[in-house]
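Trainee: Sequence and predicted structure below; questions after.
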Amino acid sequence: MRIFRKQSLISILPLGILFTFFEPSLARADVITPGMSSVSYCFKINNIDKYPDHLFLVMRKYEGPGNPSNELLKSGKCVDLSGYREYAEVYALKKSDINLEEDIVSNRRGDALKDFESKKSKLIAATIKIDPIRRMKDVYQIARVAHAYEISDINDRYLSLRNSSITYFYKNNKSETKAIIDEEKLPLPSNKNTAFLWYIPIFGMSLIGGAAYWKKSNKSNKAE
């Protein structure tokens, strides 16, 4: 009985430290991959003011339950897309194609286009869909991401957007903005939080110490 209790105690010690190390990930395992955390996301278009003859709007949509809604975009305004499975489509519309006094209405998010579906034939769709960044590795300690685009071309058939920059807002209230050079690859944050590495030597030492104690205890019991 005495041997069992000693061995149980030795087993529980490193196991407890192991659970301490991974506890945050386990707590979110049902919705988030271990080692990843949810982040808030918004996007903006920086150079809307260069196109005064057009209105630009975003249509919010959901990969699942949710009512689509639109709102007019303003230069530099970051549109939040942190809803569950939310994404966005961007459109341009010539001001001359609508009645600005009657077709623009206000809602809780700002101004919006009235009777969106009836005006689809006049809308100029962007060539890309805005898919938000939903998760990032814990090691970066990111709270929010702001993604900036620019209009590179617009005509009667399509609206072309290009990546401009990305801003990472850290949980310590610091931030950094990085220019996007490669359209196919977003730059990663520069800062990493390596504080969790302190757990590794502690865990290793507990294993070594526990094994040595068990070996000494086992020898003592055999001698008896």
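Mentor: Good, I have the coordinates. Numbering: from 1, shown residues only.
Trainee: Distance check, the nearest residue to Ile142 once chain neighbours are set aside against Thr33.
Mentor: Counting by CB to CB, 6 or more residues apart in numbering, Ile142 lies nearest to Met136, which is 4.7 Å off, once chain neighbours are set aside. (Glycine included, C-beta is placed from N, CA and C.) Distance, Met136 to Thr33, using CB to CB, to the nearest Å: 11 Å.
Trainee: Next: Arg135.
Mentor: Distance of Arg135 to Thr33, given as CB to CB: 7 Å.
Trainee: So for those two, which sits in the more crowded spot?
Mentor: Per other CB atoms under 10 Å, whichever of Arg135 and Thr33 has more neighbours is Arg135, with 16 against 11.
Trainee: Flag every buried residue along stretch 172-184.
Mentor: Buried residues in stretch 172-184, defined by neighbour count with 16 or more other CB atoms under 10 Å: Ile180.
Trainee: what mean pLDDT would you report for it?
Mentor: Stretch 172-184 comes out with an average pLDDT of 94.
Trainee: What lies in contact with that stretch?
Mentor: Defining contact as CB atoms under 8 Å, 6 or more residues apart in numbering, one finds that stretch 172-184 is touched by 141, 162-170, 186-187, 189-191.
Trainee: how far does it stretch from start to finish?
Mentor: 29 Å (CA to CA, to the nearest Å).
Trainee: Run the chain-centre distance for it.
Mentor: Offset of stretch 172-184 from its chain centre (CA atoms, centre = their mean, to the nearest Å): 13 Å.
Trainee: Check stretch 53-68 too.
Mentor: Taking CA atoms, centre = their mean, one finds stretch 53-68 lying 19 Å from the centre of the chain it belongs to.
Trainee: now the residue lying closest to Ile128 once chain neighbours are set aside: how far from Lys178?
Mentor: Using CB to CB, 6+ apart and skipping residues adjacent in sequence, the residue nearest Ile128 is Leu161, 5.8 Å away. Distance of Leu161 to Lys178, given as CB to CB: 18 Å.
Trainee: tell me the contacts of the closest residue to Val139 other than its chain neighbours?
Mentor: Counting by CB to CB, 6+ apart, Val139 lies nearest to Lys192, which is 5.0 Å off, once chain neighbours are set aside. With contact set as CB under 8 Å, 6+ apart, Lys192 has these partners: 139-141.
Trainee: okay, now the residue nearest to Arg85 when sequence neighbours are not counted: neighbour count?
Mentor: The spatial neighbour of Arg85 that comes closest, neighbours along the chain excluded (CB to CB, 6+ apart), is Glu63 at 4.0 Å. For Glu63, the tally of surrounding residues (other CB under 10 Å) stands at 10.
Trainee: measure Glu63 to Tyr91 for me?
Mentor: Distance from Glu63 to Tyr91, counting by CB to CB: 19 Å.
Trainee: Surely the residue nearest to Ile128 is in a helix?
Mentor: No - under DSSP: H, G, I helix; E, B strand; the rest coil, Leu161 falls outside any helix and is assigned strand.
Trainee: Identify the bridge partners of it.
Mentor: Ile151 (DSSP bridges).
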